[in-house]
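Chemist: Next input, structure requested:
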Amino acid sequence: MTVRIEAAACFLRQVANGWKKGHGRIFADLVSISMRVSLKDLEEAFEFVSAGGEHQAYLCKQSGKLYFHSELCDDLDILPDDIDDTDKFLPIPDKKELDLGKPLALAFTRECLPGDFDDVRQFFSRRGAYARFKALLDQRGALADWYAFEAKAGERALREWCAVNSIEVSDT
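Modeler: Got it, this is the predicted structure:
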């Protein structure tokens, strides 16, 4: 976890505004905390969570440690008792929460296979959409392009999610 201290400017602002006793949380404006998490580890947690509703992963805001939990197996991490405390832990989002499901498939089709857009839109109006979508991509020789597009969009969305949550991402 890295700590950035922005004390000088903040202290001068407080002095200029006439610091009053009893303001509470004296250091809240003086220190901004952001944790550093490996992009690779975060992507692993993201893929785990996106594999199904019975999988969850959480990021400890203090340590940057990732916790994995699944209803399907018992041999993953033992979750802390206060895992639901949103001041301490962030649940890792899945693909749907980051709009990386149907909207992404449609964006890819619009960009790379515009002649198939209406068919793909129809695929996503009923069950089994991804199987039909991937079969079409395979027929068109675009499956590798889709996986690259999806990975790039996933990384971009995760980086944005990290920025919103004051998480520094390391590329190691």
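
Chemist: what residues does the longest helix along the chain touch?
Modeler: The helix that spans the most residues within the chain, counting by DSSP state H, is helix 143-164. Helix 143-164 is contacted from outside by 37, 39, 42-43, 46, 93, 95, 98-100, 104, 107-108, 111-112, 134, 137, 167-169, using CB atoms under 8 Å, 6 or more residues apart in numbering. The way it works is simple: take the backbone N, C-alpha and C, and place the C-beta from them, glycine included.

Chemist: got the buried residues for that helix?
Modeler: Within helix 143-164, the residues that count as buried by 16 or more other CB atoms under 10 Å are 146, 149, 153-154, 157-158, 161-162.

Chemist: related to what we said a few turns ago, the contacts of helix 143-164, buried ones only, as a ChimeraX selection?
Modeler: This is the ChimeraX syntax for the buried subset of the contacts of helix 143-164, where burial follows 16+ other CB under 10 Å:
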select :37,39,42,46,93,95,98,100,104,108,134,137,167,169
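
Chemist: In strands only, show me the contacts of helix 143-164.
Modeler: Residues of the contacts of helix 143-164 located in strands (DSSP state E): 37, 167-169.

Chemist: And the helices in this structure?
Modeler: 7-16, 39-50, 102-112, 117-123, 129-140, 143-164.

Chemist: what's the least confident stretch among those helices?
Modeler: When these are compared by mean pLDDT, helix 7-16 comes last with a mean of 36.

Chemist: thinking again about what came up before, with Leu76 as the reference, name the closest of the helices of the chain.
Modeler: Across the helices of the chain, Leu76 has its closest neighbour in helix 39-50 (9.2 Å, CB to CB).

Chemist: From the chain's centroid, how far away is the closest one?
Modeler: Offset of helix 39-50 from its chain centre (CA atoms, centre = their mean, to the nearest Å): 8 Å.
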